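Visitor: Quick one: sequence and predicted model below, then my questions.
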Amino acid sequence: MPLHHCQKLLIRLLITLTASLSQSPHGRDIPLPPRDAVIKWHSRDSDGNYVVPYSVTGLFHHYEIETLEQAMLHIEANTCIRFRARRSERFYAEIRNVKGLGCTSGVGARANGDLSVVNLESPSQYECTKYRNVVHELLHLIGLNHEHERYGAHKHIIVHYENIRPGIILIIIRY
Ligand SMILES: [Zn+2]
């Protein structure tokens, strides 16, 4: 079955996601564990795009908010995902800045209306509010995981542990 336009774009972004992980110093990037099954963002706008409502509750500098908005625009330009400031939606994402939590995001929406949380710690040695890291965490939020964590990854990927920078936490899940 041919891939939907949106899927093709997501695959391109998935490659970006993996590449940014290997270049990134954000050793704290830990998406929530697999039991947090990927749930799709399901509400759509009148053009058929998938909407991710969000609110920013963390304390960020104005330039960090600009980076966040640019990262959202980058994803929107390449997918049928649209980030929209939350009004009263039950399923939504909260962008936080909690000290000690680093750069983290769940993968996809949460089940049962639970809140989806993206943490972009700032200031932080992991530079969570750097453009590429914000894009990375937002890609988790819309449902993408790392290539080395996907089903059957161990059959196709050889991990050169000697090339992993000290301090980087690499999660390998074998299915
Ligand atoms: Zn990640």
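Guide: Right, received. Where do you want to start? Numbering: from 1, shown residues only.
Visitor: Going by C-alpha atoms from here, please, whenever you check contacts or count neighbours.
Guide: OK.
Visitor: phi, psi of Glu64?
Guide: Glu64 adopts backbone torsions of phi -70, psi -40, taken as degrees, to the nearest 10.
Visitor: Any idea how far apart the tips of stretch 106-121 sit?
Guide: Distance between the boundary residues of stretch 106-121 (Cα to Cα, to the nearest Å) amounts to 15 Å.
Visitor: how far is that stretch from where the chain is centred?
Guide: For stretch 106-121, the distance from its own C-alpha centre to the chain's C-alpha centre is 10 Å (Cα atoms, centre = their mean, to the nearest Å).
Visitor: ok, residues contacting that stretch?
Guide: 31-32, 36-41, 90-105, 127-129, 134, 137-138, 140-145 (Cα atoms under 8 Å, 6 or more residues apart in numbering).
Visitor: Centre-most residue in the chain?
Guide: His140 (2.3 Å; Cα atoms, centre = their mean).
Visitor: and that residue, helix, strand or coil?
Guide: helix (DSSP: H, G, I helix; E, B strand; the rest coil).
Visitor: That one: what's its closest spatial neighbour, skipping adjacent residues?
Guide: Nearest residue to His140, sequence neighbours excluded (Cα to Cα, 6 or more residues apart in numbering): Val107, at 4.7 Å.
Visitor: what about that neighbour, which helix or strand?
Guide: Following DSSP states H and E, there is no helix or strand that holds Val107.
Visitor: do the same with His74
Guide: Using DSSP H and E, His74 falls in helix 62-78.
Visitor: list the helices and strands that helix packs on?
Guide: If you count contacts as 3 or more Cα pairs under 8 Å, 6 or more residues apart in numbering; DSSP states H and E, helix 62-78 packs onto helix 5-23, strand 81-85, helix 131-141.
Visitor: partners of the shortest one in the sheet?
Guide: When pairing is defined by DSSP bridges, strand 81-85 lines up against strand 50-56 (parallel).
Visitor: and the residue nearest to the centre of the chain, what does it touch?
Guide: Pro31, Ser105, Gly106, Val107, Gly108 are the contacts of His140 under Cα under 8 Å, 6+ apart.
Visitor: okay, the residues you listed in a markdown table with neighbour count next?
Guide: As requested, the contacts of His140 are arranged in a markdown table below (neighbours: other Cα atoms under 10 Å):
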| residue | neighbour count |
| --- | --- |
| Pro31 | 21 |
| Ser105 | 25 |
| Gly106 | 29 |
| Val107 | 29 |
| Gly108 | 25 |
